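S.K.: For reference, the sequence and a predicted model appear below.
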Amino acid sequence: MYKNPDILWLSTNPYLMRFNLPVIKYLSQYVSIGQWEYQLTEDETTSLDLAIEFLNNYLEMVKKPVHLVGHSTCGLLGLQYANKYPEKVKSLTLLGVGINPALDWVSYYYLLRNHFKCNQEAILTHLAKYLFGYRNFYYQKSLVKILKKALIYSLSPHSLYRKCDYFSVEKTAYPLMVSGSNDDQVVFWSEIEKWKSYLKPEDYIWQCPNGEHFFHYFQAKLLGNQILSFWSSLEHSVNHKLAMKNY
């Protein structure tokens with residue numbers, strides 16, 4: 001990780017980090033990007049507030065505003081942090097985060113568990129199809145193992161005993177990019193589109209043509225170019241305002 005990155009990719013689950021790597025690798029060719037990691041222990045209580053505190057401690061050391069990027073639950077974390085500390089955020093990019101940021105793949109898992117009366121293995125097999133689109137038996141078997149472990153370390157506000165129904169959103173004080181996949185079966189594009197009511201002129205919404213819920217893994221270059229374009233437009237806007245001010 002860069003010690004003083006301009007961009008910070010949020011990662012809160014050791015078993016899902018691998019799906020961030022293709023787009024991080026692509027972006028690193030053009031920008032200084034770091035990956036901030038937060039890992040729960042099996043006995044630790046899930047707490048977004050604690051994660052926000054640790055993230056703030058890190059950004060205190062960076063000593064400059066950064067571009068934050070987060071997928072799913074990590075996007076929720078980024079949104080909560082940016083709303084609390086807007087002065088420390090140059091922009092926020094949300095991937096697979098709908099107008100209700102509380103809805104993530106974990107909430108979908110518990111929805112399936114409540115709806116279908118079958119064992120965890122069957123539920124996770126079903127979930128893997130919706131998250132990744134794979135129909136291959138061997139891929140699915142591997143993904144089920146990953147998801148089973150990822151559930152234990154998830155920072156999601158949902159659990160078997162508790163469901164968080166809603167996190168309210170409002171117009172942000174920082175530039176915002178929101179992106180989702182056309183074929184995401186967990187966070188439908190219609191939920192992403194609802195962000196339009198909250199977007200400012202400098203904000204950006206983009207639909208990835210395919211890639212399911214983990215589209216940032218399957219469409220790393222395509223998404224990476226869109227994110228780079230978003231950041232570039234912000235820099236151009238800042239330079240234009242400075243030029244007009246000095247005119």
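M.R.: On my side now, so go ahead.

S.K.: pLDDT (mean, whole number) over stretch 187-206?
M.R.: Confidence over stretch 187-206 (mean pLDDT, whole number) is 96.

S.K.: Next up, the contacts around residue 183.
M.R.: With contacts defined as Cβ atoms under 8 Å, 6 or more residues apart in numbering, residue 183 is in contact with 133, 210-212. In this view, the C-beta of every residue, glycine as well, is placed from N, C-alpha and C.

S.K.: Repeat that for residue 234.
M.R.: Applying Cβ under 8 Å, 6+ apart, the residues near residue 234 are 90-91, 175, 202.

S.K.: Now with 10 Å, please.
M.R.: Listed by Cβ atoms under 10 Å, 6 or more residues apart in numbering, the contact set of residue 234 reads 67, 90-91, 174-175, 177, 202, 204.

S.K.: hang on, isn't residue 175 packed against residue 93?
M.R.: Yes: with contact defined as Cβ atoms under 10 Å, residue 175 reaches residue 93; the gap is 9.3 Å.

S.K.: Which one of the two is surrounded by more residues?
M.R.: Per other Cβ atoms under 10 Å, whichever of residue 175 and residue 93 has more neighbours is residue 93, with 28 against 22.

S.K.: How is that one classified with respect to secondary structure?
M.R.: strand (DSSP: H, G, I helix; E, B strand; the rest coil).

S.K.: beta partners for it?
M.R.: residue 69, residue 177 (DSSP bridges).

S.K.: where's it relative to residue 59, distance?
M.R.: 16 Å (Cβ to Cβ, to the nearest Å).

S.K.: Could you list the low-pLDDT ranges of this protein?
M.R.: Residue ranges of the chain with pLDDT under 70: 1-3, 41-46, 158-167, 237-247.

S.K.: Show me the helices in it, by range?
M.R.: Along the chain, the segments classed as helices by DSSP state H run 21-27, 48-62, 73-84, 105-115, 120-132, 137-152, 189-193, 215-218, 220-246.

S.K.: now those as JSON lines including distance to residue 169?
M.R.: Shown next, in JSON lines, are the helices of the chain (distance: least, Cβ to Cβ, whole Å):
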{"stretch": "helix 21-27", "distance to residue 169": "24"}
{"stretch": "helix 48-62", "distance to residue 169": "15"}
{"stretch": "helix 73-84", "distance to residue 169": "8"}
{"stretch": "helix 105-115", "distance to residue 169": "16"}
{"stretch": "helix 120-132", "distance to residue 169": "23"}
{"stretch": "helix 137-152", "distance to residue 169": "25"}
{"stretch": "helix 189-193", "distance to residue 169": "11"}
{"stretch": "helix 215-218", "distance to residue 169": "21"}
{"stretch": "helix 220-246", "distance to residue 169": "19"}
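
S.K.: so which of those comes closest to residue 4?
M.R.: The closest of those to residue 4 is helix 48-62. By Cβ to Cβ, the value is 5.9 Å.

S.K.: how does this protein divide up, domain by domain?
M.R.: Structurally, the chain divides into domains by automatic domain parsing as follows: 7-102+165-246, 105-152.

S.K.: what sits in contact with each of residue 175 and residue 93?
M.R.: 67, 204, 230-231.

S.K.: most centrally placed residue in the chain?
M.R.: For the chain, residue 71 is the residue whose C-alpha lies nearest the centre (Cα atoms, centre = their mean; 1.5 Å).

S.K.: Which residue is the nearest non-sequential neighbour of it?
M.R.: Once flanking residues are discounted, residue 71 sits nearest to residue 95: 4.1 Å by Cβ to Cβ, 6 or more residues apart in numbering.

S.K.: these two touch, right, the one you found and residue 73?
M.R.: No: using Cβ under 10 Å, residue 95 is not in contact with residue 73, being 11.0 Å away.

S.K.: quick one: contacts for residue 21?
M.R.: Per Cβ under 10 Å, 6+ apart, neighbours of residue 21: 9, 11, 35, 217, 220.
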